[in-house]
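Novice: below is the sequence, then the predicted model.
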Amino acid sequence: MIDQYTTITNRNFSVRNEPKYFLLMPIFSPLMKILALNASPHRKNSNTLQLVEAALRGASEAGADTEFLDICEYDIKYCTGCGICYQTGECPIKDDYAEILSKMQDADGLIIGTPVYINAVTAQLKTLLDRMADVIHCQAFTGKYGIVVTTGGGGGTDEVISYLGNTLQVLGANMCGGVGAVMGGGPEQCQLPRPKGRGLGLYS
Ligand SMILES: Cc1cc2nc3c(=O)[nH]c(=O)nc-3n(C[C@H](O)[C@H](O)[C@H](O)COP(=O)(O)O)c2cc1C
């Protein structure tokens with residue numbers, strides 16, 4: 001399965017600032033599905049959304065079938081630690097998690113966006129990830145590709161990229177790169193990494 005795909009040239013977080021490093025698209029299938037998640041409660045005014053959209057645009061220009069999810073619009077309850085998912089493969093909590101997981105399972109590539117909140121991801125994203133314990137234990141995202149985009153007021157973007165990169169890897173996915181913008185220098189700060197964000201989604 002993996003041979004169908006182009007080479008991933010950069011799986012090392014430490015070189016994520018190189019401009020060309022994310023080869024999301026398979027060589028032979030223009031119908032790759034790319035799902036982008038944004039986890040900012042700022043919704044349409046989200047700084048992070050600009051980077052998410054740039055990466056999604058890159059994927060779309062490359063011919064991918066793209067979809068966007070604002071996870072803050074969904075009802076995702078806390079994991080209760082019941083452990084039932086380990087036994088049955090399903091979470092018993094009734095909310096929107098199953099729908100989001102199904103979309104993630106259907107995707108070949110994931111773009112995960114979050115602002116930095118207290119040096120970490122937002123509670124909304126962490127709540128989603130906590131619900132995925134069984135998915136992680138089964139490494140159910142093996143064969144998928146993932147990138148991370150994030151914005152922070154003064155920093156913390158490296159930590160978030162590293163954390164989500166590791167999370168993608170424990171999910172079984174190939175972490176292909178990340179891009180962060182520090183907004184303290186003004187709104188134009190988000191413009192600078194946008195081409196890089198777009199490049200993350202582009203087939204090259
Ligand atoms: C609750 C909260 C916590 C934050 N924590 C941090 C932080 O630890 N470090 C930082 O650099 N910026 C922090 N910020 C600033 C946001 O990361 C920054 O404004 C970001 O660009 C917001 O992105 P968004 O518009 O996509 O939500 C925080 C903002 C909020 C509201």
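Specialist: Sure, I can see it.
Novice: help me confirm that residue 149 is found in a strand?
Specialist: Yes - using DSSP: H, G, I helix; E, B strand; the rest coil, the secondary structure at residue 149 is a strand.
Novice: that one touches residue 56, doesn't it?
Specialist: No - contact status for residue 149 versus residue 56: not in contact, 9.7 Å apart, counting by CB atoms under 8 Å. (Each C-beta comes from the backbone N, C-alpha and C, glycine too.)
Novice: those two: which has the busier surroundings?
Specialist: Relative neighbour count places residue 149 above the other of residue 149 and residue 56, with 34 against 26, counting by other CB atoms under 10 Å.
Novice: and that one, what are its bridge partners?
Specialist: According to DSSP bridges, the residues that bridge with residue 149 are residue 113, residue 179.
Novice: before we move on, the earlier item: which neighbours do residue 149 and residue 56 share?
Specialist: Residues touching both residue 149 and residue 56 by CB atoms under 8 Å, 6 or more residues apart in numbering: residue 111.
Novice: what residues does the protein have near the ligand?
Specialist: Applying CB under 6 Å from any ligand atom, one finds that the chain approaches the ligand through 40, 42, 46-49, 115-119, 151-156, 183.
Novice: which of those are buried?
Specialist: Those of those that meet the buried threshold are 40, 46, 47, 48, 49, 115, 116, 117, 151, 152, 156, 183, by 16 or more other CB atoms under 10 Å.
Novice: for those residues, which one is nearest residue 106?
Specialist: When these are compared for distance to residue 106 (CB to CB), residue 49 wins out at 22.1 Å.
Novice: need phi/psi at the nearest residue to the closest one once chain neighbours are set aside.
Specialist: Using CB to CB, 6 or more residues apart in numbering and skipping the chain neighbours, the partner closest in space to residue 49 is residue 38 (5.3 Å). Torsion angles at residue 38 (phi, psi; degrees, to the nearest 10) stand at phi -120, psi 140.
Novice: how about the contacts made by residue 38?
Specialist: With contact taken as CB under 8 Å, 6+ apart, residue 38 is in contact with 46, 48, 49, 52, 68, 69, 70, 71, 72, 113, 114.
Novice: roughly how far apart are it and residue 111?
Specialist: 9 Å (CB to CB, to the nearest Å).
Novice: what do those two both touch?
Specialist: Common neighbours of residue 38 and residue 111 (criterion: CB under 8 Å, 6+ apart): residue 52.
Novice: hang on, the earlier thing: so which of the contacts of residue 38 is the most crowded?
Specialist: Counting neighbours by other CB under 10 Å, residue 113 leads the contacts of residue 38 with 33 neighbours.
Novice: does that residue touch residue 54 like I think?
Specialist: No - with contacts defined as CB under 8 Å, residue 113 does not count as touching residue 54, sitting 10.1 Å away.
Novice: okay, and the common contacts of these two?
Specialist: The contact lists of residue 113 and residue 54 share residue 149, where a contact means CB under 8 Å, 6+ apart.
Novice: dump the residue contacts of the residue nearest in space to the middle of the chain.
Specialist: Centroid-nearest residue in the chain: residue 112, 1.8 Å away (criterion: CA atoms, centre = their mean). Going by CB under 8 Å, 6+ apart, residue 112 touches 36, 37, 39, 125, 146, 147, 148, 149, 164, 168.
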